[in-house]
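> Sequence plus the predicted model coming up.
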Amino acid sequence: MPQYPVALVERHILDRAHRSLERVLARLETTAEVAGTLGGPELAGTVRTLLDDVDATLRAHMAWEEQVCYPETDRLAATPWASQVLRLQHDQISRLLDQLRAADLGGAEPHQRAVSELRGQLYAFHAILGSHLEQEERALLGLLVAEPAAPRADGLEEVEPRR
């Protein structure tokens, strides 16, 4: 079985995870768009389901990045500061997620102000998460792509096939 550099594996996983999070972004936007048309119980259920899915996907992804990907990024950049802003953004994202969970949508017909605040929070969460993903891809993938490939165990050079 071929050996791949850690950076290549991380880049692949990061890319796949970010594609999954793009679907989360789409759901955030859709939920914000329809929030004003739903009754209280339906809106509360929709938001709760969305946040459960976001929690399951996002928190595990952020933990993996902080434990595996960010240290590798700092190593490749030769500075512990390379991932600092991204770590701070993770804290901001977690706080926004907690605020969304705490939203009070009221009984059968939530107050218009509560719905407006919820929509604003969903759009803010969408903007911050989308910006964070873009920054990660520029910063992390740029470094990880630049990581040289590991030498082959048999000492032979890789040759690109002709096209």
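Good, I have the coordinates.
> any idea how far Glu65 is from Thr46?
Glu65 sits 28 Å away from Thr46, going by CB to CB, to the nearest Å. (Each C-beta comes from the backbone N, C-alpha and C, glycine too.)
> check contacts around His61.
17, 20-21 (CB atoms under 8 Å, 6 or more residues apart in numbering).
> if we go to 7 Å?
Listed by CB atoms under 7 Å, 6 or more residues apart in numbering, the contact set of His61 reads 17, 21.
> and the helix or strand hosting it, which residues are buried?
Following DSSP states H and E, one finds His61 within helix 60-64. Using 16 or more other CB atoms under 10 Å as the test for burial, helix 60-64 gives 61-62.
> Just after it, pick out the following helix or strand.
Following helix 60-64 toward the C-terminus (DSSP H and E): helix 70-77.
> what's the average pLDDT for the lengthiest helix in the chain?
Across the chain, the helix with the greatest residue count (assigned by DSSP state H) is helix 6-34. Regarding helix 6-34, the rounded mean pLDDT is 81.
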